[in-house]
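1. Sequence unavailable; structure follows:
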C-alpha cells in the first residue's frame, strides 16, 4: 500500500509549523467577541436571525471591506461551554486543552493560580441534621455573608496534608477553594448531589489509576472534614458543595505561542479567567462595551492583541429573547465607532459559539465571523449576517484557526518553503 | 520550539468525546439516501444537474426550512464504492473501517456473518479444457441453476482444514462463499483474471507478513481444489471465480456508538448488508420508495433511526441517462409526502456519493445534503440543489460527520465543558 509505514522526512505538528514561521510584528490585532452571537432562522422568528434583523450600520460598513465565514467551535455537532468556545478563539484546540470549571471560576475571581493548582467551584448550602441538602444555595446569601464565612474558613483551614488551601469569596453564595501542593491532579467528581434532598457525596478520582487524582481526592476529603465543623452552627449556610474540581493545566502563553502581547477587556469573571489562562493581561474597570472600547483606545500602544468581550448577546439568547438579543447587537453596533477611532490592523468580530433564541442555550451551529484588514479582501457582502457569512471567502472552519488567519493578515508568518 | 513534547491535559479522540457527550433521546432520525444523487453541470447537460432540472415541489418545501451543505464521501478527490460511501454516512470513517466486497455481498444475501468470517463474492464461469476462462458469467445462467450448483457444492464441501464452508446462491450466476474458522484474515487477491482468455490465478495474501491472510489463502486454495472437480462436468458452469475476499471486521454497532436503535429500509442486497454491518435491523418487503416510506410509517414507533435507500439515481447516473436520473428524482419527490405524514425530528436527504451522468460512474464530487429539524435553521435557499447546497450553512464537510450533526439536531449531545 502506498504510503503505509511512511515516515515524513521532517516531522512537525501544524502548531510547530506556525511557530516556526512566526515573525514579530508591530501590527495591532483585535478579537471582538459577541458571546453567543450566532443564531438560526426559524419560522417563529420570521426566518430571520437577530443579527439579520438588527440595524447595524457600523457592522455593515466593516462588512463592505471584510471577509466572512463561519466557525465550528469544537467539532461538527458539538456544543461548547464558554471555556472550550474561548480557548478555540484563542487558538488552543479545545479538545487538547480541557480546563475545569473550578479553574475558570478561580481565575475569574482574580486568584493567581499556578499550573498544577487544584481549583473547585464552591457554594454555601443548607444541610438538615442528617446532612441532606435542603437548599443548594443557602437561601442565596449575600456576598458579604459569603465573604465573612470565607474569611472564617481561611483562618481555620490553611493547610491539608502537604497542600496549602486558599479560599476566595465570589458573588452571592459562591466561592472557590484552591489546593496548592506537589503532585496534585484533577479532574475529580463533584461533592454536590446536583439537586436537593440528597446527601453530599465524597469526591472521587475520575481516573482511579491516577496517583495525582487519588492524592487530590484524599486532600479534598480532608478539607471537607476540617471545614464543615467550622460553619456547622451557621444559618442558613451550614454546609458547602464543591464542583468542577480540576487542576490548572500549563498552557503555553500568547507570548510564547504567537509572539503577541495580549490584553483582555472583559466585564465578567469567567472571560477574564480564560484570558488569564492564555497569559493575557486583564484590564480592569470598564463595565460597558463603550467603556471597553474607550479603554482599548487608551491602551492601544501598550499591547498588540486585544480580546474584547461582550456578554449580552449570549445572555438574551439563553433567555430566548429575540428582541433583546437584537437590541444588544444594535447597542454593540452603536458603540463600534469608538473602537474604530484607532482601527486595529486586523479586526475579527465573531462569537465564541451560537446561542440561538430557539435553543435557549449554547449550540453547535457555526458562528459567523467577520475579518477586516488591509489584506482581508471584500467578499462582496453588504452586511455581516449568518446567511452572508455562508457565502464568504473564509468558508466554514474550526475556531482554533481564527488566530492564524489574524496573524496572517498581520503579516506575522514567513512564507513556508521556497 | 513551541508545543514540542506537549502532552495534552486529557487525551481523547473525537469519537470518544462524542461518545462521552451522548445522551439518550426519543427523537426520530431519518437518513434518506438517493444513491449517487450528486451530479455536475456541464455544457452537454445544458449546465444543469438532474436535481436542478427536476420538478421537486416536496424537496423544495423542505429546503425552505432546512440547512444545506456538501459532503466529501472519503477525502478530496476520492471516488468511493457503495461500501465506503455508506459507512461514511453511517458515521464510520471509511478509511479506518474498510470492508471487503465479499463481506457486503454475503450480508446482502442474508448470510448471518460473524466478525472474523472470510467472505468471497463468487460467480460461475466457463472454462476451456486448459482452464482458460471463456465466459466470466457462464452464459449468465439462471438463478435456479446457480441454486442447484450451490446446493451440490454445499453437500460436497463442508469443511476445509479447520474452517467451515458456507455457500449461498445469489441472483443469476452469482453466489458467495464463507469460511468460518479460527485465525482467518483478509483481504486476499482475487481468484479471477478479471477478463476472458486467461487462466484463474491462485489467491494470495495481500500482506505476506499476515499469518491470518496466509492461512486464509491456503484454505481458499484447498476449497478450490475440492470444489472445482464437483462441477467439472457441468455445462456451461464448469468453474467459478472468487473476488473481494475479506474478513468481516468487528464494527461497533449503532446502538453502541450512538445510542440509536436503527432500521434499514433498502431494496437492494448490498445496502441491506452495509446496514446490517452497522447493527441495523433489516426490514424486508418494500420494493418501491413509496412502499419504503409506507413501511417507515408503520415502523415509526419501533426504531429511532431509519436508513432509507433509493437506488435509481445511481443506476441512471451510471448509464449516463440524464432524463432518467431526473425522472427518478421526480418519482422520489412525488413519494416524499408519505414520509412526511410522520415527520422525523431530524431528516437528512443526501447521496452516498455523486454519480454524475457525464462520468457514467461514481465520482468524488461532494454530494449535496439537506438537513431539516426544528433547530436546523433555514439557509434562505428555495430549492435543494448542488448549487444551492454550495451556499448553505453546513459548508463542505466529510460525510462521517453527518450523523453527528443529526445527533446534535436531535439534542443527543450534552454541552462540552463549562
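-> Everything's here; your move. These figures come from a predicted structure and were not determined experimentally.

2. C-alpha only now, for contacts and for neighbours.
-> OK.

3. Count the neighbours of the residue in the stretch 101-250 of chain A positioned nearest to chain B for me.
-> Using C-alpha to the nearest C-alpha, the closest approach of the stretch 101-250 of chain A to chain B is made by residue A:101 at 5.5 Å. The number of residues packed near residue A:101 is 24, by other C-alpha atoms under 10 Å in any protein chain shown.

4. Please apply the same query to the one 10 residues further on.
-> Using other C-alpha under 10 Å, the number of residues around residue A:111 comes to 19.

5. need the contact list for it.
-> Taking C-alpha atoms under 8 Å, 6 or more residues apart in numbering or on different chains, we find residue A:111 in contact with residue A:168.

6. which residues does the closest residue in space to the residue of the stretch 101-250 of chain A closest to chain B that isn't next to it in sequence contact?
-> Distances taken as C-alpha to C-alpha, 6 or more residues apart in numbering or on different chains place residue A:244 nearest to residue A:101, at 4.9 Å, with adjacent residues excluded. When the contact criterion is C-alpha under 8 Å, 6+ apart, the partners of residue A:244 are A:100-103, A:119-121, A:187-190.

7. helix or strand for the residue positioned nearest the centre of chain A, which one?
-> Nearest to the geometric centre of chain A sits residue A:83, at 3.7 Å (C-alpha atoms, centre = their mean). Assigning secondary structure by DSSP states H and E places residue A:83 in helix A:82-89.

8. and the next element down the chain from that helix?
-> Past helix A:82-89, the next helix or strand by DSSP H and E is helix A:101-108.

9. Going by neighbour count, list what's buried in that following helix.
-> A:101-108 (16 or more other C-alpha atoms under 10 Å in any protein chain shown).

10. Closest one of these to residue B:197?
-> residue A:101 (70.9 Å; C-alpha to C-alpha).

11. quick one: the closest one and residue B:418 touch, right?
-> Yes: counting by C-alpha atoms under 8 Å, residue A:101 does reach residue B:418; the two are 5.5 Å apart.

12. where does the stretch 201-350 of chain A come near chain B, residue by residue?
-> Contact residues, the stretch 201-350 of chain A versus chain B (C-alpha under 8 Å from any C-alpha of the partner chain): A:249, A:252, A:256-257.

13. Which residues are in contact with residue A:137?
-> Counted by C-alpha under 8 Å, 6+ apart, residue A:137 has contacts A:123-126, A:173.

14. just those that are near chain B?
-> Okay, of those, nothing touches chain B (C-alpha under 8 Å from any C-alpha).

15. among those, which are in helices?
-> Among these, no residue falls in helices (DSSP state H).

16. Can you pick out the most distant pair from those residues?
-> A:126 and A:173 (11.0 Å).

17. which residues do those two both contact?
-> With C-alpha under 8 Å, 6+ apart as the test, residue A:126 and residue A:173 both reach A:137-138.

18. Point out where chain A drops to low pLDDT.
-> Under the criterion pLDDT under 70, the flagged ranges of chain A are A:1-10.

19. in it, which spans are strands?
-> Counting by DSSP state E, chain A has strands at residues A:29-34, A:67-72, A:118-127, A:133-135, A:159-160, A:163-169, A:174-180, A:239-247, A:262-265, A:281-282, A:305-310, A:346-350, A:367-373, A:395-398.

20. still on that earlier bit, format the residues of the stretch 201-350 of chain A next to chain B as CSV; extra columns: neighbour count.
-> Below are these laid out as CSV (neighbours: other C-alpha atoms under 10 Å in any protein chain shown):
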residue, neighbour count
A:249, 22
A:252, 16
A:256, 16
A:257, 20
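
21. quick one: which of those sit in helices?
-> A:256-257.

22. Same list, the residues of the stretch 201-350 of chain A next to chain B, but as TSV with distance to residue A:24 please.
-> Conversion of these to TSV gives the following (distance: C-alpha to C-alpha, whole Å):
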residue	distance to residue A:24
A:249	26
A:252	17
A:256	12
A:257	12
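
23. Relative to residue A:274, which of the residues of the stretch 201-350 of chain A next to chain B is nearest.
-> Distances from residue A:274 to those, taken by C-alpha to C-alpha, are shortest for residue A:249, at 12.0 Å.

24. The closest one against residue A:115, yeah?
-> Yes: counting by C-alpha under 8 Å, residue A:115 is a contact partner of residue A:249 at 5.4 Å.

25. Can you give me the domain assignment for chain A?
-> Domain ranges of chain A: A:26-97+A:251-409, A:110-247, per automatic domain parsing.

26. most neighbours per residue, which of those domains?
-> domain A:26-97+A:251-409 (a mean of 22; mean count of other C-alpha atoms under 10 Å in any protein chain shown).

27. Determine how far the last residue of it lies from the first.
-> By C-alpha to C-alpha, to the nearest Å, the extent of domain A:26-97+A:251-409 from end to end equals 12 Å.

28. Stretch A:197-214 now?
-> 28 Å.
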